[in-house]
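>>> Attaching a predicted model along with its sequence, questions to come.
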Amino acid sequence: MKKFLFLIFLFPICLNAQIYDHNRVFNDTLNYKDFNQGFIDSQVYFKCTGDYLIGLTSIYIYYVPTAICYSIPPNDKRLINSLNPNNEYLYSNNNYYEGYRYGSFKKKRKRLLQGAFTPLGVIATSLILSLSLNN
């Protein structure tokens, strides 16, 4: 009975909740839709192979370039991709631009960390294999 009463009082509180996504609060659904579309497009169309290579090669100089690139968002000229079907919205729709920029910054950080930890994974794997083959 106590659980049932708790659910009755908790249910109206959950209905009045704001929309939380990407650590941002949105009141307008169209703004949220444009931001979310920009975020999704950035995950598909933003190219960051150079960031992966920076993370991969920076092991020799103690990850200094990775740390610097990690804190800097990508330039606006890197956001443009001719394969993106919504490329014309990039500078005409502010919410789409903010979502695309936020998503590209997250993807850039992810690729930098993947490049930085790839050599450590290779070293750990080779160490485990060499120890297991010696026994």
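Noted; the coordinates are in hand. Numbering: from 1, shown residues only.
>>> which residue packs closest to residue 95, ignoring adjacent ones?
Distances taken as C-beta to C-beta, 6 or more residues apart in numbering put residue 34 closest to residue 95, at 3.8 Å, once the chain neighbours are dropped. Backbone N, C-alpha and C define where each C-beta goes, glycine included.
>>> Run a quick neighbour tally on that neighbour.
Neighbour count of residue 34, defined by other C-beta atoms under 10 Å: 22.
>>> isn't it right up against residue 93?
Yes: using C-beta atoms under 8 Å, residue 34 is in contact with residue 93, at 5.6 Å.
>>> show me the residues around the residue nearest to residue 95 that make contact.
89, 93, 95, 96, 99 (C-beta atoms under 8 Å, 6 or more residues apart in numbering).
>>> any idea how far it is from residue 97?
For residue 34, the distance to residue 97 (C-beta to C-beta, to the nearest Å) stands at 9 Å.
>>> Could you tell me which residues touch both of these two?
residue 89.
>>> Angles on the backbone of residue 75, please.
Per-residue torsions, residue 75: phi -70, psi 160 (degrees, to the nearest 10).
>>> roughly how far is whichever helix or strand residue 112 is part of from the heart of the chain?
Assigning secondary structure by DSSP states H and E places residue 112 in helix 94-134. Offset of helix 94-134 from its chain centre (C-alpha atoms, centre = their mean, to the nearest Å): 12 Å.
>>> and if you look at stretch 44-62?
15 Å.
>>> At the geometric centre of the protein, which residue sits there?
Centroid check for the chain by C-alpha atoms, centre = their mean gives residue 106 as the closest residue, at 2.9 Å.
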